[in-house]
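Novice: Here is my input; please provide its structure:
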Amino acid sequence: MDLEYGFVWTGERFGDPPKRKTRDFVVDSVKKCQADVLLLSGCKDKQTSADTHSTKFENPYDGPGFAGGACTNGLTEMLTEYDDVTFGQLLTGLWRILKAKRYEQIPQLSCSHKIDMFKKFSLIGSFQPGGATPAPAPAVQHAYAKPPQQVVAPPTHHAVTAGGAGAGGRMKSLFVGINYPGSSAALAGCVNDVTTMLKLLPDRLGFDVSNRRVLVDDDLARYRDRAGPPTKANIIAGLKWLAEGARPGDSLFWHYSGHGTSVKDKSGDEKDGYDEALVPADYNSAGMILDDEVYEFFLKRLPAGVRVTAVNDCCHSGTIMDLEYGFVWTGERFGDPPKRKTRDFVVDSVKKCQADVLLLSGCKDKQTSADTHSTKFENPYDGPGFAGGACTNGLTEMLTEYDDVTFGQLLTGLWRILKAKRYEQIPQLSCSHKIDMFKKFSLIGSFQPGGATPAPAPAVQHAYAKPPQQVVAPPTHHAVTAGGAGAGGRMKSLFVGINYPGSSAALAGCVNDVTTMLKLLPDRLGFDVSNRRVLVDDDLARYRDRAGPPTKANIIAGLKWLAEGARPGDSLFWHYSGHGTSVKDKSGDEKDGYDEALVPADYNSAGMILDDEVYEFFLKRLPAGVRVTAVNDCCHS
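Specialist: The predicted structure is shown next:
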């Protein structure tokens, strides 16, 4: 589209406060456009963009055959999984989804004016720093839309003073990492997992780790404050210490990374006839630590009003704390309003615990949990050698990529990260009391429906923490009336899908991409698609309102129609899915000497649509105050 600015990502997290709101933009073109135009393209100019099988993605809007563009499907997964994102999170989240699924293409963002990448993402209103976004008008039900959704605001981080959990509560933590060095059962990443958690907790969750015990058996020079080796006696002593003196308002955290196993149940309290067990460093002589022992020496001692969060990254760990309830996910999105706040819990154990205890475990009781190479994950806290547990690293990627999540989003997001990286283990959540899965996730305060979360105390800098971070509130969706974009603006949209059926250049999923976008826009972004043009060349029975085939003349006419009569406050959307190419630049305005071009259905006779023509027939005609969002899912885009 020959837009003036291109965004260059430097790896910054877009929940963090920006130093400069318009940072990381480079000038790509000398052409000017008055309107606020944003292009999200599937790849770099020198790359190709994949036509793929959309079953690789989480796409609830799939068309027949499940083919689709990787960019369109990745964007759909991002926007259906997370209710609210910034412009920066949208771009980097899409890239991470594609990277996790082993696509080499790197999505790009270009724009007519510099964007505030920390601003709430919307298809409506100005994206410039300080630019106003129109207030949403009352929602209307569209033909392609689900019922309007209540946006559940995600949690803020609870910054805490050393020793204080909200209103007067204290924090204590126990970290156990066992590599079993020199044994036949040796692991590589469990001690590194302790490093990761010691940094993650204060940095991203505001949890003070100064009052802690660390039990590790490897890389001892790093852990000068360790309380001893992770023997059975020391782990049980650590759990007793964690419970000792606990009082209402306190918050406790326990992380275990090592081997887990299952043994024949002798007490008769297990549904499947097996106890789950932790494997201490001296298991050959001292034996295992059964879930019955964890209950006896830890959970049973906790009074009501204490909050406990445990992460057990080991095999056979689904019910390793014998907590009363297990959560069963039904595929629901946790940004949607719940019908029942405590839905989908099953009784796993007859044991009772007064405290609010939550266990996030690496896998089901019958599964194994991987010791892996943490370079597969986005983990800024890696220890030496980069080995680590898949669950710990997936959790770290989830919490460093997204500033705020609900309990439900945390669990399902972790599962999706592991699934995308081809791990078969399915993380589990169990608890002593039913959890409001739509509640803001925190390590502090009650997680029960209606339970209070203490207000955060003033932040303090911890030894392992980065400077306290400002939480950037994510955007709400802009519900709109038909024909209205916020305060009086109008919406128009153009959808182009080209499969080139019967030709040597045939594609499978581009027309399906139109189906996806027609449903995604009103459902998740509140964009009215009733005033639209659709140009497709395949599966015509689905598109009875199509304006014609996607020829060069029709696509250019569609762009002219999109710009026609545009006025300040209007919001326009254009999606193109098909082939893209590059041709020798004849006008001398391209840095690399090549024009990028779209490939219409009649390219053999009519030729390509150059970026110069898109500028001439569309961008040049737009007045200031108009907002345009384009998604081009094609090669060389």
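
Novice: So which elements touch the host helix or strand of V514?
Specialist: Assigned by DSSP states H and E, V514 belongs to helix 510-525. For helix 510-525, the helices and strands in contact under the criterion 3 or more CB pairs under 8 Å, 6 or more residues apart in numbering; DSSP states H and E are strand 67-69, helix 70-81, strand 491-497, strand 532-536, strand 571-577, strand 627-633. Quick note: C-beta positions are derived from backbone N, CA and C, even for glycine.

Novice: any idea of the mean pLDDT in it?
Specialist: Looking at helix 510-525 alone, the average pLDDT works out to 91.

Novice: and that helix, C-alpha only, in PDB?
Specialist: Extracted as PDB, the C-alpha positions of helix 510-525 are listed here (Å, rounded to 0.1, in the frame of the first residue of the first chain):
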ATOM      1  CA  CYS A 510      -8.600 -17.600   0.400                       C
ATOM      2  CA  VAL A 511     -12.300 -17.600  -0.100                       C
ATOM      3  CA  ASN A 512     -12.700 -19.300   3.300                       C
ATOM      4  CA  ASP A 513     -10.700 -16.300   4.700                       C
ATOM      5  CA  VAL A 514     -13.600 -14.000   3.600                       C
ATOM      6  CA  THR A 515     -16.000 -16.200   5.600                       C
ATOM      7  CA  THR A 516     -13.800 -15.900   8.600                       C
ATOM      8  CA  MET A 517     -13.400 -12.100   8.400                       C
ATOM      9  CA  LEU A 518     -17.200 -11.600   7.800                       C
ATOM     10  CA  LYS A 519     -17.800 -13.300  11.100                       C
ATOM     11  CA  LEU A 520     -14.800 -12.200  13.100                       C
ATOM     12  CA  LEU A 521     -15.300  -8.400  12.600                       C
ATOM     13  CA  PRO A 522     -18.800  -8.000  14.100                       C
ATOM     14  CA  ASP A 523     -18.300 -10.800  16.700                       C
ATOM     15  CA  ARG A 524     -15.100  -9.800  18.300                       C
ATOM     16  CA  LEU A 525     -14.400  -6.200  17.100                       C
END
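
Novice: from now on call the first residue 34
Specialist: I'll keep to 34 as the first residue from here, and by that count the last item is helix 543-558.

Novice: what's the offset of it from the middle of its chain?
Specialist: Its chain's C-alpha centre lies 20 Å from the corresponding centre of helix 543-558 when counted by CA atoms, centre = their mean, to the nearest Å.

Novice: Tell me what angle that helix forms with strand 565-569.
Specialist: On the basis of axes from the mean of the first three to the mean of the last three CA atoms, to 10 degrees, helix 543-558 is oriented at 150 degrees to strand 565-569.

Novice: Tell me the pLDDT of S479.
Specialist: Residue-level confidence at S479 comes out at 87, pLDDT.

Novice: Excluding chain neighbours, what is closest to it?
Specialist: When the adjacent residues along the chain are set aside, S479 lies closest to D389, with 5.2 Å between them (CB to CB, 6 or more residues apart in numbering).

Novice: Number of residues surrounding D355?
Specialist: Using other CB atoms under 10 Å, D355 is surrounded by 25 other residues.

Novice: Give me the distance between it and E646.
Specialist: With distances taken as CB to CB, to the nearest Å, D355 is found 67 Å from E646.

Novice: same deal with L112?
Specialist: Using CB to CB, we find L112 at a distance of 30 Å from E646.

Novice: what do you get for K273?
Specialist: Following CB to CB, the distance that separates K273 from E646 is 74 Å.

Novice: V63 now?
Specialist: Here the distance between V63 and E646 works out to 17 Å (CB to CB).

Novice: Could you do P656 as well?
Specialist: If you go by CB to CB, the gap between P656 and E646 works out to 20 Å.

Novice: More neighbours: which of these two?
Specialist: Set side by side, P656 and E646 show more neighbours around E646, with 19 against 12, by other CB under 10 Å.

Novice: how about the nearest residue to that one, chain neighbours excluded?
Specialist: I589 (6.7 Å).

Novice: how deep is that neighbour tucked in, by neighbour count?
Specialist: 19.

Novice: which residues touch it?
Specialist: Listed by CB atoms under 8 Å, 6 or more residues apart in numbering, the contact partners of I589 are I642, E646, F650.
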